[in-house]
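Visitor: just coords:
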């Protein structure tokens, strides 16, 4: 029983960590693609993440302690005889009888291989909006990838195969995905299908609300923080592996500056006049008359607004225990508080940067409609 529970615990923990780190990015992609967030689509994405980690846990773990640990007689023997499990069934029935066979490892190993891949077939139909054939092919491809990974010792990471690559597993996994794809059409699984919305690019423009503005800021903050951590983490890893040494100024100033430039400043000057997070929320910086703002005005707004705030926050928050700029930290906090007050008090949802530059936001799809009208 314990061997069945701990992979599930790892799956839930792994999915939680993944969603905690990448959840906002997934929401940004969802908003960009569909033009709004759906709780059903979000829950299904979370369930798909849990299932993915579960599939990995049950088929790949535990890993050998060393590259050579799996290399001993009887370990990782490949089974290439299709239907071999039928011989094992007959042997188990002859030895245990039907009652004993019903609770035997031989039977439940096959049933578990089928059950394990049924959710994949369901997700293929409901989440990916495929059909029965899609579910079967996806199940076959996933199972084949797993069996090849086991056969090659995770593609050479281990010197020998540490688990049995079994052609019957491939057959049963595919059958499980096929069965799941068929069962997916039952009404009980309809909640896994998100709203049938078309491409957000062709949707009608919607009103720009405070919530939508705040959501765009959340997207920008997640993209910036994720990029900074990814780059600094990669450089630290290279240093530990014997590569060039990093310095504090590079990690705490230049990397945040480059990231903010590519997330906020360059997109704001480009056609579309919006940061990456604002583009995910279908927003565009506009001047008087709800026309796209000029590049210099959009740039100044980004510097005075959330782009500048994000950069100052990044450099005033060190990766070390003590902030290198404590006074700057306090000034950033005060500036954020003032901007929030302006944002909440202004009837047009403009913060301090918007007031100073005379700009606001419009739904960028409104410009496409105007272009078609002209």
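Guide: Alright, I've got the coordinates. Values in this document were obtained by computation on a predicted structure and should not be read as measured data.
Visitor: Now for residue 97, how many residues are close by?
Guide: The number of residues packed near residue 97 is 10, by other Cβ atoms under 10 Å. In short, each C-beta sits where N, CA and C put it, glycine included.
Visitor: And residue 246, by the same measure?
Guide: 14.
Visitor: From residue 273, how far out is it?
Guide: Distance, residue 246 to residue 273, using Cβ to Cβ, to the nearest Å: 35 Å.
Visitor: can you check residue 199 too?
Guide: Residue 199 is 22 Å from residue 273, by Cβ to Cβ.
Visitor: neighbour-wise, which of these two wins?
Guide: residue 273 (29 against 9).
Visitor: doesn't residue 296 make contact with that one?
Guide: No - between residue 273 and residue 296 there is no contact under Cβ atoms under 8 Å: 11.0 Å.
Visitor: residue ranges with poor pLDDT in the protein?
Guide: For the chain, the stretches with pLDDT under 70 are 1-4, 70, 72-76, 194-198, 241, 317-325, 368-374.
Visitor: what about the longest helix in it?
Guide: As assigned by DSSP state H, the longest helix anywhere in the chain is helix 2-34.
Visitor: Any idea how far it is from the middle of the chain?
Guide: Distance, stretch centre to chain centre, for helix 2-34: 7 Å (Cα atoms, centre = their mean, to the nearest Å).
Visitor: Can you give me the neighbour number for residue 134?
Guide: Counted with other Cβ under 10 Å, residue 134 comes out at 16.
Visitor: Wait, it touches residue 126, no?
Guide: No - assessed by Cβ under 8 Å, residue 134 is found out of contact with residue 126, at 11.1 Å.
Visitor: Please tell me how far residue 209 sits from residue 349.
Guide: Distance from residue 209 to residue 349, by Cβ to Cβ: 7 Å.
Visitor: Can you give the distance from the helix or strand where residue 139 lies to the centre of its chain?
Guide: When elements are assigned from DSSP states H and E, residue 139 belongs to helix 132-151. Distance of helix 132-151 from its chain centroid, counting by Cα atoms, centre = their mean, is 21 Å.
Visitor: so residue 80 makes contact with residue 167?
Guide: Yes - with contact defined as Cβ under 8 Å, residue 80 reaches residue 167; the gap is 5.4 Å.
Visitor: ok, those two, which is more surrounded?
Guide: residue 167 (15 against 9).
Visitor: The residue at the greatest distance from the centre of the chain: helix or strand, and which one exactly?
Guide: Farthest-out residue of the chain from its mean C-alpha position, per Cα atoms, centre = their mean: residue 94, at 49.2 Å. Assigned by DSSP H and E, residue 94 belongs to helix 84-102.
Visitor: can you check residue 362 too?
Guide: strand 360-363.
Visitor: what does that strand contact?
Guide: 205-208, 213, 278, 282-286, 290, 348-350, 354 (Cβ atoms under 8 Å, 6 or more residues apart in numbering).
Visitor: if you set the cut-off to 6 Å instead, what comes out?
Guide: 205-206, 208, 282-284, 286, 290, 348, 350, 354 (Cβ atoms under 6 Å, 6 or more residues apart in numbering).
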